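Novice: Sharing a model that was predicted from the sequence below.
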Amino acid sequence: MKYAFPKEFWWGSASSAPQTEGETLSHGKSATVWDHWYSQQPTRFHNDVGPQDTSTFYKNWREDIALLKQLNHNTFRTSISWARLIPNGRGDVNPEAVTFYNQVIDEMLAQGVQPFINLFHFDMPMAMQEIGGWENREVVQAYEKYADTCFELFGDRVKHWFTFNEPVVPVEGGYLYDFHYPNVVDFKRAATVAYHTMLAHSLAVKAYRARNLGGEIGIILNLTPSYPRSQNPADLKAANIADLMFNRSFLDPALRGEYPQELVELLKKHEQLPACQQGDKELLQQGVVDLLGINYYQPRRIQCRDSMVNPESPFMPEWFFDNYVMPGRKMNPHRGWEIYEQGIYDILTNLRENYGNPRCFISENGMGVEHELRFEKDGRIDDDYRIEFVSGHLKWLHRALQEGSGCLGYHMWTFIDCWSWMNAYKNRYGFIQLDLETQKRTVKKSGEWFAAVSKNNGFD
């Protein structure tokens, strides 16, 4: 069967400043929470590899953009580092950063690759974290100024902007489950961080629209469909609460300008609502996006709890559900994640049926594999497993398009093997292999395959 995609479909990949740039404490850049945390606890990072050891995009941007062109990308998402552009979080702009980002944007456009630019990818400047990070409304205001500075500097050429990538992840990691700095376990503070993030998002959207730059602005959400173990009412209720907390807590304000009333009532009942101020409701309504980025990696399988909650334990989402290990799941054994290609179709169908079929695209989808050198043959990584993974998801995406989905493109995570937070380089995701010692870049078999898919606007 021929899987043909719409004309002008966006073929590309995604990346981020903190995971690729390097030069993390030089050229005027200040420390982020990652630089600070690594300096305090390097053993929390796989093989003690920290944020300074990335894929050196700051030095090799011209070569890397040429590789984007070689892979027939027509679009590419990366991010601007707040700590590089405005090192103190607010105040003076770093001229070296302006030069760097101008060069990157201009070179991408010269190569026929449209830049999709994200403003925040987990990389809070430490100067902002020291005054409370997203718990402090001063940081929300500083972010608005940072965003508007980006629009002023680069908005004449960048026509696709995103306020945040996966905003639920710093909430989960930093304030619930201890896998991001500041390693807090406190639901009320997590809810405040989530709420203030969406206020910051709305302020940035408002600032962008005020400039009338002729582009569009959105947000990138990692959506994990919550599938109940069974149709038993208890399982259905548990899956619904998981969906409210992990998906709709960001999806509804981004697409509807308000929070689900069911979520508000649940948190109010348990005294976990963040503090609201006059004008917040109206501000959130102004944050409805032009374009939604969807990151999809795995489903969430849910069952009702079969044991009582410890009343002395911290209030957590898991008070309301348990994770369910479905027998016979197809797995990526290297990452420990389920592979469920239909999930991408279910997300797009939900958006079409329940959210007015918004303009959207798959902004991340990928497969991390450990020890990929096992699959090297004649100097190339033969990652047929990645080709199978991508093509499987694209087939379900194609079906969603046939049924009328507003999906405009597909971006793979990621372009080149990159540093991945606490996992460092444990799992490789790239179309291009990176030799950490020499920084040599080598296109994998999947990269060659994807270049052909993009060129032909489809595959057999």
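Specialist: Nice, I can see it.
Novice: can you give me the helices in the stretch 151-300 of the chain?
Specialist: For the stretch 151-300 of the chain, the helices defined by DSSP state H, counting those that start in this stretch occupy 168-175, 187-211, 233-243, 249-256, 261-269, 280-285.
Novice: now swap in the stretch 351-460 of the chain and tell me
Specialist: Going by DSSP H, counting those that start in this stretch, the stretch 351-460 of the chain shows helices at 384-402, 445-456.
Novice: could I get these as a markdown table with distance to residue 135?
Specialist: Bear in mind the C-beta positions are built from the backbone N, C-alpha and C, glycine included. Output for these, formatted as a markdown table (distance: least, Cβ to Cβ, whole Å):
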| stretch | distance to residue 135 |
| --- | --- |
| helix 384-402 | 36 |
| helix 445-456 | 41 |
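Novice: between those helices, which one is nearest to residue 213?
Specialist: Closest to residue 213 of the helices of the stretch 351-460 of the chain is helix 445-456 (Cβ to Cβ; 27.4 Å).
Novice: quick one, that closest one and helix 384-402 angle?
Specialist: Using axes from the mean of the first three to the mean of the last three Cα atoms, to 10 degrees, the inter-axis angle of helix 445-456 relative to helix 384-402 is 30 degrees.
Novice: my read: residue 367 touches residue 391, true?
Specialist: No. Using Cβ atoms under 8 Å, residue 367 is not in contact with residue 391, being 11.5 Å away.
Novice: Between the two, point out the one with more neighbours.
Specialist: residue 367 (24 against 17; other Cβ atoms under 10 Å).
Novice: Give the closest residue to that one in space, chain neighbours not counted.
Specialist: Using Cβ to Cβ, 6 or more residues apart in numbering and skipping the chain neighbours, the partner closest in space to residue 367 is residue 389 (4.3 Å).
Novice: What separation do you get for that neighbour and residue 250?
Specialist: 26 Å (Cβ to Cβ, to the nearest Å).
Novice: who's more crowded, these two?
Specialist: Between residue 389 and residue 250, residue 250 has the larger neighbour count (other Cβ under 10 Å), namely 23 against 20.
Novice: May I have the residues that are in contact with that one?
Specialist: Residues near residue 250 by Cβ atoms under 8 Å, 6 or more residues apart in numbering: 167, 168, 194, 198, 219, 221.
Novice: Go again with 7 Å.
Specialist: 167, 168, 198, 221 (Cβ atoms under 7 Å, 6 or more residues apart in numbering).
Novice: do residue 178 as well
Specialist: Residue 178 neighbours (Cβ under 7 Å, 6+ apart): residue 185.
Novice: Any idea which of the helices of the stretch 151-300 of the chain gets closest to residue 420?
Specialist: helix 168-175 (12.2 Å).
Novice: Now do the closest one: everything it contacts.
Specialist: Looking at what lies outside helix 168-175 - Cβ under 7 Å, 6+ apart - the contacts are 122, 179-182, 184, 186, 189-190, 193-194, 222, 246, 249-250.
Novice: Looking at neighbours, which among those residues is most surrounded?
Specialist: residue 190 (27 neighbours).
Novice: Next, count neighbours for the residue nearest to residue 267 when sequence neighbours are not counted.
Specialist: Excluding the flanking residues, the one nearest residue 267 by Cβ to Cβ, 6+ apart is residue 273, at 4.8 Å. Neighbourhood size, residue 273 [other Cβ under 10 Å]: 18.
Novice: Ramachandran angles for residue 273?
Specialist: With angles defined as degrees, to the nearest 10, residue 273 sits at phi -70, psi 140.
Novice: what do you get for the one 3 residues further on?
Specialist: Main-chain torsions, residue 276, degrees, to the nearest 10: phi -110, psi 160.
Novice: For it, list the residues it contacts.
Specialist: So residue 276 contacts nothing (Cβ under 7 Å, 6+ apart).
Novice: quick thing: my sequence starts at 16, can you match it?
Specialist: Got it, first residue is 16 now, which makes that one residue 291.
Novice: pLDDT value on it, please?
Specialist: The model reports residue 291 with a pLDDT of 96.
Novice: May I see the buried residues of stretch 125-136?
Specialist: Going by neighbour count (16 or more other Cβ atoms under 10 Å), the buried part of stretch 125-136 is 126, 128, 129, 130, 131, 132, 133, 134, 135, 136.
Novice: from the contacts of helix 183-190, which single one is nearest residue 48?
Specialist: Distances from residue 48 to the contacts of helix 183-190, taken by Cβ to Cβ, are shortest for residue 196, at 4.4 Å.
Novice: what separates the closest one from residue 249, distance-wise?
Specialist: From residue 196 to residue 249 the distance is 36 Å (Cβ to Cβ).
Novice: Likewise for residue 263?
Specialist: Applying Cβ to Cβ to residue 263 and residue 249 gives a distance of 20 Å.
Novice: Between these two, point out the one with more neighbours.
Specialist: residue 263 (20 against 15).
Novice: give the contact list for that one.
Specialist: Contacts of residue 263 (Cβ under 7 Å, 6+ apart): 275, 278.
Novice: Tell me the confidence at it?
Specialist: pLDDT, residue 263: 98.
Novice: Just the endpoints, please. Distance across stretch 265-283?
Specialist: 18 Å (Cα to Cα, to the nearest Å).
Novice: my bad, stretch 291-311
Specialist: Stretch 291-311 end-to-end distance (Cα to Cα) = 31 Å.
Novice: cool, stretch 92-101 as well?
Specialist: By Cα to Cα, one end of stretch 92-101 lies 21 Å from the other end.
Novice: Same question for stretch 428-436.
Specialist: Per Cα to Cα, stretch 428-436 runs 14 Å from first to last residue.
Novice: I would like the residues contacting that stretch, please.
Specialist: In contact with stretch 428-436 (Cβ under 7 Å, 6+ apart) are residues 28-30, 34-35, 66, 68-70, 79, 83, 379-381, 440, 442-449, 456.
Novice: so how many other residues sit close to residue 24?
Specialist: 18.
Novice: Wait, it touches residue 472, no?
Specialist: Yes. Contact criterion Cβ atoms under 7 Å: residue 24 and residue 472 qualify, at 6.1 Å.
Novice: Report the residue spans of the stretch 116-265 of the chain with pLDDT below the cut-off.
Specialist: Scanning the stretch 116-265 of the chain for pLDDT under 70 picks out nothing.
Novice: for the stretch 266-415 of the chain, that is, sorry about that
Specialist: For the stretch 266-415 of the chain (pLDDT under 70), the answer is none.
Novice: Contacts only, for residue 141.
Specialist: Taking Cβ under 7 Å, 6+ apart, one finds 45, 46, 47, 48, 50, 51 in contact with residue 141.
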